[in-house]
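Visitor: after the sequence you'll find the predicted model.
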Amino acid sequence: MPPPAQSYRSPSPSQPSGKGEVSDVKTQLRSLAGSRAPGTDDSKRELFKKVISYMTIGIDVSSVFSEMVMCSATSDIVLKKMCYLYVGNYAKHNPDLALLTINFLQRDCKDEDPMIRGLALRSLCSLGVPNLVEYLVGPLGNGLKDMNSYVRMVAAVGVLKLYHISASTCLDADFPALLKHLMLKDKDAQVVMNCLVSLQEIWSLEAAKSEEMAREREALHSKPMIYYFLNRMKEFNEWAQCIALELVSKYIPADSEEIFDIMNLLEDRLQHANGAVVLATIKVFLHMTLSMADVHQQVYERIKAPLLTLAGSGSPEQSYAVLAHLHLLVMRAPFIFSSDYKHFYCQYNEPFYVKKLKLEMLTAVANESNTYDVVTELCEYVANVDIPIARESIRAVGKISLQQYDVNAIVDRLLQFLEMEKEHVTAETLVLVKDLLRKYPQWSHDCIAVVGNISSSNVQEPKAKAALIWMLGEYAQDMPDSPYILESLIENWEEENSAEVRLHLLTAVMRCFLRRPPETQKALGAALAAGASDFHQDVRDRALFYYRLLKHDVSIAERIVDPPKQAVSVFADKQSNEIKDRIFDEFNSLSVIYEKPSYLFTDKEHRGPFAFTEEFGNISISAEPEDSAVAAQGVVENDQDLLLSISDKEDTQVYGGNNGSAYNAPSYNTPSSAQIFLDLDLVSLGQPSSISTTSSLAIDELLGLGIQGVASSSPAPAPPLSLQLSDKASIDPNAFQQKWRQLPISLSQEMSMDPRGVAAMANPKALPQHMQSHRIQCVASGINAPNFKFFFFAQKAAEPSSYLVECIINSSSCKVQLKIKADDETTSQAFSEMFQSALSKLTLL
């Protein structure tokens, strides 16, 4: 049987056919260098294409650098472009090769063809090699005075590139003055705008060093300069118009008449086909009329139509960008857009991110007049096959209901959602009903009647299950099966993975016990026992907290866990007004898309006080400056709520009433039914009714608990350590690094750290100074959030035996990973105990 025929595959120009392909190209280029035979340029083109394709896929073709330079002696503009692309790619990383390009680039800068002159000047300025800046000054000076506008345009940007390579060379050559002259006198609009962009950056960076530069920067916002750009606005292309309009938005007019003159001049920019120009113009209108309330409102009315037109046309990405700006304006003036709510209805073919933003806008524009139509539309989305959109629609309906618009009809529709028997619909609705009952407790009977028919086994999502458990505890008196449902959930404690659900379960069973003690006694005991042995710190702390409350006084426990409540009036907003105003100030920027001010995602100070890398050699060793310390206030404030789950934290402002009515949870204070139940079972009739410490064992027996070691509030003292450390230990960082690489790891351990200690580490010097007080020196430190990394050194007092420690602290989980290396490995365990003891005391700072 003959072998199967092999299919022939022609070699692709983007992939070498053999190891010698690059050397073959090199040989062919060398043979063509200097040749003027007919067809030479065509052959060079094919070879240049092959070299560029190899370079694109990551093959090193730097070996043909000299041949490429020699073949660049041609008038073919296509060959020139490919050669400049190749040179620019390899010259950045090979300064020695870049030197070979200087001669032919300088020669091309004097070519008769202005296109070649411009391309050569652009490539020369893009080399980015500091040692070659002296070769840039002459060509740049000639380029700024060139007769062709394209060359001047390239030269204007080249000055900025030179400034970033060597600022002193740029300033000594007086290039900023030449750029200013071109900006004011050049007839070509693109040259003018390139000069403006370069000058803005140069003057901004030099303003802190030179008063003259600061004055020049301020002069850009003067009236003559602003009017100069306004009068030339129609000459600029779209990009240049956006730059000019951004400059105009920072101008402060002298009076209202000047404001109207500028707005009238820019009126036609609102009909521009480019969305960026429209948004830039809107920014000018909005910022100039901030102090004129009536005119500012009229501006909203004027810009509404252009924005809605842009949002409904173009690509989904453009629609999203425009809708994001519309959303910002809707949040500031929802009444102006309330009549245009139908523009925010979702289309079937729109991507999820556009639909989600439209749902948020529908929520914002809802009012008494359009609530019925908006909610009806949102209810249609609930049955959508797109589950994320269905979830967002339910949340939107809930937000509208919390705004007190047509609450009766909305509650009926929400209860209908629960009857749809779709898991994701039921889950989102339960979370919403919880918030609804917090604000409108008068609807509890209608809601509880429907919620009581939902089986807890059919609710699997943590937030939904937590909401259901909250209702079981809050309305235990109105739900007959509440204790038994809670008991069944407690039986499956080990199978519940969500800490949020377990926290809600502890609180709910505690409330249920305080209202219906006989039925919930067994469930409470099981819950406290399971919670006290739970691996999650918050759950364990809450269980022990409830246990100690019951041992101390049940009436006090009832006032703490189940106090009378008032209806929630206003739910907290996710963003403060200050943040919203800051985003508005940065209109027509990424801040609007990200929904956060630019300083939150651009400034270096928010990237941590020091650099962090995995390599020891790259970790900063010098001491951090004083101003690098970050205030620990935010961390400490979060630490105050460590015993509370996220969902249980008070995220609302509570007022005395809600529409004239106040809601108080059922109260049993004269005396507490749970107190009476405990007194009868635990204390003899002749004893006082308050539970003393002598009744602790009786409480344990009543609840079926076996919790040991929780009565004492102070921890057991640590055993004394015999290891003594030297207070004069020191080591050079390089010596430490060399020693670290030589020694094997003696111990590798993991421990938990007190959150208050983690909070103290917001000051980067806190831990090194603390460990130094325990005779353990910090050699180096670094951060890569949420991980803090430290290297420590210690030495025994009696002998020159040293200990080296790598300590990585995770600030989010409060876990510490230790690697210890020692000259004497037999004492590693003793040193580890000493190190961990010192680390745990950081909370005392």
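Guide: Cool, the structure landed.

Visitor: which regions of the chain lie under the pLDDT threshold?
Guide: Applying pLDDT under 70 to the chain flags residues 1-19, 404-406, 573-574, 603-722, 843-845.

Visitor: tell me how many other residues crowd the nearest residue to residue 594 once chain neighbours are set aside.
Guide: Of all residues not flanking residue 594 in the chain, residue 601 sits nearest, at 6.4 Å (Cβ to Cβ, 6 or more residues apart in numbering). Yep, even glycine has a C-beta here, placed from its N, CA and C like the rest. Residues lying near residue 601 (other Cβ atoms under 10 Å) number 11.

Visitor: ok, residue 601 to residue 535 distance?
Guide: Distance of residue 601 to residue 535, given as Cβ to Cβ, to the nearest Å: 35 Å.

Visitor: and for residue 107?
Guide: On the measure of Cβ to Cβ, residue 107 and residue 535 end up 74 Å apart.

Visitor: also residue 174?
Guide: 70 Å.

Visitor: neighbour-wise, which of those two wins?
Guide: Counted by other Cβ under 10 Å, residue 174 and residue 535 do not tie: residue 174 has more neighbours, with 10 against 7.

Visitor: quick one, phi/psi of the more buried one?
Guide: phi 60, psi 40 (degrees, to the nearest 10).

Visitor: repeat that for residue 807.
Guide: Per degrees, to the nearest 10, the backbone of residue 807 is at phi -120, psi 120.

Visitor: so it makes contact with residue 789?
Guide: Yes - contact criterion Cβ atoms under 8 Å: residue 807 and residue 789 qualify, at 7.3 Å.

Visitor: what about the helices in the stretch 201-350 of the chain?
Guide: For the stretch 201-350 of the chain, the helices defined by DSSP state H, counting those that start in this stretch cover 211-219, 223-231, 238-249, 256-266, 275-288, 293-311, 316-332, 334-337.

Visitor: buried ones in the longest one?
Guide: Read it as helix 293-311. Under the neighbour-count criterion of 16 or more other Cβ atoms under 10 Å, helix 293-311 has 295, 296, 299, 300, 303, 304, 306, 307, 308, 309, 310, 311 buried.

Visitor: got the angle for it vs helix 256-266?
Guide: 10 degrees (axes from the mean of the first three to the mean of the last three Cα atoms, to 10 degrees).

Visitor: now the angle from helix 293-311 to helix 275-288?
Guide: Going by the same axes, to 10 degrees, helix 293-311 makes 170 degrees with helix 275-288.

Visitor: which helices and strands does helix 293-311 pack with?
Guide: Here helix 293-311 touches helix 275-288, helix 316-332, helix 334-337, going by 3 or more Cβ pairs under 8 Å, 6 or more residues apart in numbering; DSSP states H and E.

Visitor: which residues sit against the shortest one?
Guide: Meaning helix 334-337. Residues from elsewhere that reach helix 334-337 (Cβ atoms under 8 Å, 6 or more residues apart in numbering): 297, 300, 301, 304, 326, 329, 330, 361, 364, 365, 367.

Visitor: and what of the second one?
Guide: Taking contacts as Cβ under 8 Å, 6+ apart, the residues outside helix 316-332 that touch it are 275, 279, 282, 300, 303, 307-308, 310-313, 337, 350-351, 353-354, 357-358, 360-361, 364-365, 580, 583-584, 587-588, 592-593, 595.

Visitor: doesn't residue 809 lie inside a strand?
Guide: Yes - checked against DSSP: H, G, I helix; E, B strand; the rest coil, residue 809 lies within a strand.

Visitor: that one against residue 788, yeah?
Guide: Yes - under the criterion of Cβ under 8 Å, residue 809 makes contact with residue 788 at 4.4 Å.

Visitor: anything in contact with each of these two?
Guide: In contact with both residue 809 and residue 788: residue 761, using Cβ under 8 Å, 6+ apart.

Visitor: one step back: need the helices of the stretch 201-350 of the chain in JSON lines with distance to residue 728, can you?
Guide: Below are the helices of the stretch 201-350 of the chain laid out as JSON lines (distance: least, Cβ to Cβ, whole Å):
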{"stretch": "helix 211-219", "distance to residue 728": "51"}
{"stretch": "helix 223-231", "distance to residue 728": "65"}
{"stretch": "helix 238-249", "distance to residue 728": "60"}
{"stretch": "helix 256-266", "distance to residue 728": "72"}
{"stretch": "helix 275-288", "distance to residue 728": "63"}
{"stretch": "helix 293-311", "distance to residue 728": "69"}
{"stretch": "helix 316-332", "distance to residue 728": "61"}
{"stretch": "helix 334-337", "distance to residue 728": "69"}
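
Visitor: buried deepest among the ones you listed, which one?
Guide: Counting by mean count of other Cβ atoms under 10 Å, helix 275-288 has the highest mean neighbour count of those, with a mean of 22.

Visitor: who's in contact with it?
Guide: For helix 275-288, using Cβ under 8 Å, 6+ apart, the contacting residues are 238-239, 241-242, 245-246, 248-249, 253, 259, 262-263, 266, 269-270, 272, 296, 299, 302-303, 306-307, 310, 314, 318, 321-322, 325, 584-585, 587-588.

Visitor: other SSEs contacting the helix or strand hosting residue 793?
Guide: Using DSSP states H and E, residue 793 falls within strand 787-795. The helices and strands touching strand 787-795, judged by 3+ Cβ pairs under 8 Å, 6+ apart, are helix 733-742, helix 766-772, strand 777-784, strand 802-810, helix 828-840.

Visitor: got the ones you listed as CSV, with mean neighbour count and distance to residue 519 columns?
Guide: Output for the helices and strands packed on strand 787-795, formatted as CSV (neighbours: other Cβ atoms under 10 Å; distance: least, Cβ to Cβ, whole Å):
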stretch, mean neighbour count, distance to residue 519
helix 733-742, 14, 62
helix 766-772, 18, 51
strand 777-784, 21, 52
strand 802-810, 21, 43
helix 828-840, 18, 43
